[in-house]
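>>> model the following, please.
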Amino acid sequence: MRLFPFMRRGTSQALSIGTPTSRTSGSRCRVTAQVAGREIWFESADVALTPASEAFGSAMLVPALHAARPLTLAAPACETWVANLRPLTRSFQALWYPDAPAAHAIPDRRPTTPASDTALCFSGGVDAFHTLLAGGRPIDTLVYVVGYDVKLRDRHRASAVTRLMREIAAATATRSIAVATNLRRHPLMRATPWTRAFGGGLAAIGHVLAGDPNGGIGRLLISSDGLGFEHPEVGSRPSTDPLFGSEAVRVEHVAPTTTRLEKLRRIGGERIVQQHLRVCWHNTSQRFNCGRCEKCVRTMLSLDACGTLGKFPGFDHGRGLVAAVDALASVDGIVMPFYRDLLASGLTGPAAASVTRLLDRSNSSLAPVAPAHAPAAPQPAARSTHHRLLGPEAFAHVCEPLVGRRVGYVRPVGNVGDHLIELAMAQLFATYGIRWSLVDLDATDRGASPRSLDSLDMLVFGGGGNMGLRYQGNHDLRGRALATGLPLVILPQSFTSVEDRTFHRVYVRERSSLAYRPDGILAPDLALGLAWPEPARPTRDLGIYLRRDQERSGRKPFFARDPIRLAATPADYLAFAARHRRIITDRLHFAVAGLHAGRDVTLVANDYHKNRSMHQTWLGNLGCRFAASAADAVALPRRAA
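Numbering: from 1, shown residues only. The predicted structure follows:
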């Protein structure tokens, strides 16, 4: 009998990194280490590289976790870096690898004097250009890595991109360094999703460039991906990138809440960007941007929304944009927020219509996402093409006060369940014709007054379960939103403790939270208003999925997995829940996903009132059962089909 087919297979054999060495041949310096029996090297003709254990350890940490092998370093590593291994490993275990073994390294306690230069990882894209020109940080050096986005064997293209980087460095009075590496050729790296591993890969470059107080670097800047939030499948994060640093080099993650569209609004008028922007990873011709791949099309749409596309010769001044959008068969879930932000931020005309068609094509299981600047007809709650647990009228008291106002959305820090809430919010706002845009609060922290705030009437903070002091990151984010001076509305939330701040309105999603906020207005969790197609037939019987974080109540069965680690997008989350006939979970929105699919769902208590109160307030009337523990849930009689 095959048990638990969803469990990840792995081996406990250590992934060993040998002592790094350095050698010079002519003008080229190469540092090398044996990693699990294969050689990994970094090479540069511009500077002497440092054979740092931290470089190879940073690069291979996520691949080791992915392979369920303990990472071990033969040579001592910086004491700070070694101390950071534990919280860094725990972060990635919490995201993807709960059962992966810990890493081991010997701390080197010798004092280190860091260099003073700041380097920026630079490939000519929007995010790096934004950090260079508008990031608010002095930058001494641009670093391009051959072997990451351009393969080593593509020598012609690697040379062209390196020349581009050097031209930009010369124009901005910065030094340029090109580094080549075979890191991505290593079998364990090839087996690991690059979206998870590239943060450590970039940090490795900082370590091989550090170590020389006169010519090395002391700080490495990694630009955010422009999503504006921490995507659950992206391994370069504001919470983890700095932990890859050491005494010799600090690693910083720049502008994590700034979207790609807002970045282009700030830098799109710069001539150097107009002449040199490079976003395409697929084109192999003389041109840097093919103008046809998804990334080129997405960038062109963003420039069109900013009104600057006609100034970019690298995109043929925007000719053929609508045809290029219509030629795309679909887009992946990881980039769909970019397209939704475009519609929500005022993209109009034929380009907006083409984006709407693209989103409709992208996933036949997704409900159509209407543009936020145009009202859509309300959809009934009855089962038809798309199913809702609650109809739009259940959210009228939340949405109607926002109609006619220019609304800025502050996205909470969260997981795929919170992204499900946001997807439902976008649909409901479209239904009510609410104009909204994603707000960047990083600019206000630097004393700027971005147009995204100047043009708004009010802010809304996304729904979820993070009011109070328990989730400090979101508590601080609300404080930053209040500091803008704009009225702040809290969309339906649960309270973990009292948060005695002056908000314009506060919606609470279950009755127990009213004890912490007596002036709160009861409203359903927005995810209950999501429109979703009828699912396919289930292929599995019982699924037990329990959380592994601080909200876990009681002991977790060894075989149970946390569902947020098994899905990257709301579509994945809903589809995964729909596979099961019966679901037992303490993840509130996995339970909601199961209810959307019409499954037999039992919600298990978490460590505070949220789940029990949500069941009493809403979910019990929607067919959900409740149990104090997973064991009690298993003992419940099976419902008749």
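>>> where are the low-confidence patches of the chain?
Residue ranges of the chain with pLDDT under 70: 1-12, 212-214, 282-286, 333, 363-387, 442-452, 555-560, 640-641.
>>> quick one: contacts for the residue nearest the centre of it?
By C-alpha atoms, centre = their mean, the chain has its centre lying nearest to residue 231, at 1.8 Å. Taking C-beta atoms under 8 Å, 6 or more residues apart in numbering, we find residue 231 in contact with 225, 334, 568. In this view, the C-beta of every residue, glycine as well, is placed from N, C-alpha and C.
>>> need those in a markdown table with distance to residue 23, can you?
Listed next are the contacts of residue 231 as a markdown table, based on distance: C-beta to C-beta, whole Å:
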| residue | distance to residue 23 |
| --- | --- |
| 225 | 35 |
| 334 | 40 |
| 568 | 41 |
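>>> for ChimeraX, what selects the buried ones among those residues?
Typed into ChimeraX, the line below selects the buried ones among these, using 16 or more other C-beta atoms under 10 Å:
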select :225,334,568
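>>> from the contacts of residue 231, pick the one nearest residue 127.
Comparing these against residue 127 with C-beta to C-beta places residue 225 closest, at 6.6 Å.
>>> that closest one - that's part of a strand, no?
No. Checked against DSSP: H, G, I helix; E, B strand; the rest coil, residue 225 lies outside a strand; its state is coil.
>>> torsion angles phi and psi at the residue nearest to the centre of the chain?
Torsion angles at residue 231 (phi, psi; degrees, to the nearest 10) stand at phi -70, psi 140.
>>> picking that back up, out of the contacts of residue 231, which is nearest to residue 216?
Within these, distances to residue 216 taken as C-beta to C-beta reach their minimum at residue 225, with 26.9 Å.
>>> that closest one against residue 127, yeah?
Yes. Residue 225 lies in contact with residue 127 (C-beta atoms under 8 Å); the separation is 6.6 Å.
>>> can you check which residues contact both of these two?
In contact with both residue 225 and residue 127: no residue, using C-beta under 8 Å, 6+ apart.
>>> now what about stretch 623-641, what contacts it?
For stretch 623-641, contacts defined as C-beta under 8 Å, 6+ apart pick out 544, 546, 553-554, 556-557, 560, 582, 584, 586, 591, 595, 600-605, 611-612, 615, 619-620.
>>> in it, what's buried?
By 16+ other C-beta under 10 Å, the buried positions in stretch 623-641 come out as 624-627, 630, 633.
>>> sorry, back to before: now the buried members of the contacts of stretch 623-641.
544, 546, 553, 556, 560, 582, 584, 586, 591, 595, 600-605, 611-612, 615, 619.
>>> quick one: strands adjacent to the strand or helix carrying residue 119?
With secondary structure defined by DSSP states H and E, residue 119 is part of strand 117-121. With DSSP bridges as the test, strand 117-121 is paired with strand 141-146 (parallel), strand 217-223 (parallel).
>>> could you dump those strands to CSV with distance to residue 289?
CSV is the format used below for the strands paired with strand 117-121 (distance: least, C-beta to C-beta, whole Å):
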stretch, distance to residue 289
strand 141-146, 17
strand 217-223, 18
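>>> as a markdown table, those strands with mean neighbour count and distance to residue 297 would be great.
Listed next are the strands paired with strand 117-121 as a markdown table, based on neighbours: other C-beta atoms under 10 Å; distance: least, C-beta to C-beta, whole Å:
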| stretch | mean neighbour count | distance to residue 297 |
| --- | --- | --- |
| strand 141-146 | 24 | 24 |
| strand 217-223 | 26 | 21 |
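>>> which of the ones you listed sits closest to residue 165?
Of the strands paired with strand 117-121, nearest to residue 165 by C-beta to C-beta is strand 141-146, at 4.3 Å.
>>> residues making contact with the closest one?
With contacts defined as C-beta under 8 Å, 6+ apart, strand 141-146 is touched by 117-123, 132, 152, 158, 161-162, 165, 168-169, 172, 174-181, 201-202, 205, 209, 217, 220.
>>> after that strand, next one along is what?
helix 155-171.
>>> domain ranges for the protein, per the record?
15-261, 291-361, 363-534, 537-635 (automatic domain parsing).
>>> and the longest one, how far out from the chain middle?
When distances are taken as C-alpha atoms, centre = their mean, to the nearest Å, domain 15-261 is centred 19 Å away from the chain's centroid.
>>> mind checking which of the contacts of stretch 623-641 land in strands?
544, 582, 584, 600-604 (DSSP state E).
>>> so which bits of stretch 37-45 are buried?
40-44.
>>> of those, which is the nearest to residue 139?
Closest to residue 139, out of all of the buried residues of stretch 37-45 and judged by C-beta to C-beta, is residue 44, at 18.4 Å.
>>> list the contacts of that closest one.
Residue 44 neighbours (C-beta under 8 Å, 6+ apart): 28-29, 177-180.
>>> kindly report the same for residue 217.
When contacts are counted by C-beta under 8 Å, 6+ apart, residue 217 touches 115, 117-119, 140-141, 206, 209-210, 249.
>>> let's have these in a markdown table, adding distance to residue 54.
Output for those, formatted as a markdown table (distance: C-beta to C-beta, whole Å):
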| residue | distance to residue 54 |
| --- | --- |
| 115 | 15 |
| 117 | 18 |
| 118 | 18 |
| 119 | 16 |
| 140 | 21 |
| 141 | 19 |
| 206 | 9 |
| 209 | 12 |
| 210 | 9 |
| 249 | 8 |
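>>> of these, just say which sits nearest to residue 98.
residue 206 (28.5 Å).
>>> ok now do the closest one, which residues does it touch?
Residue 206 is in contact with 119, 217, 219-220, 244-245, 249, 251, counting by C-beta under 8 Å, 6+ apart.
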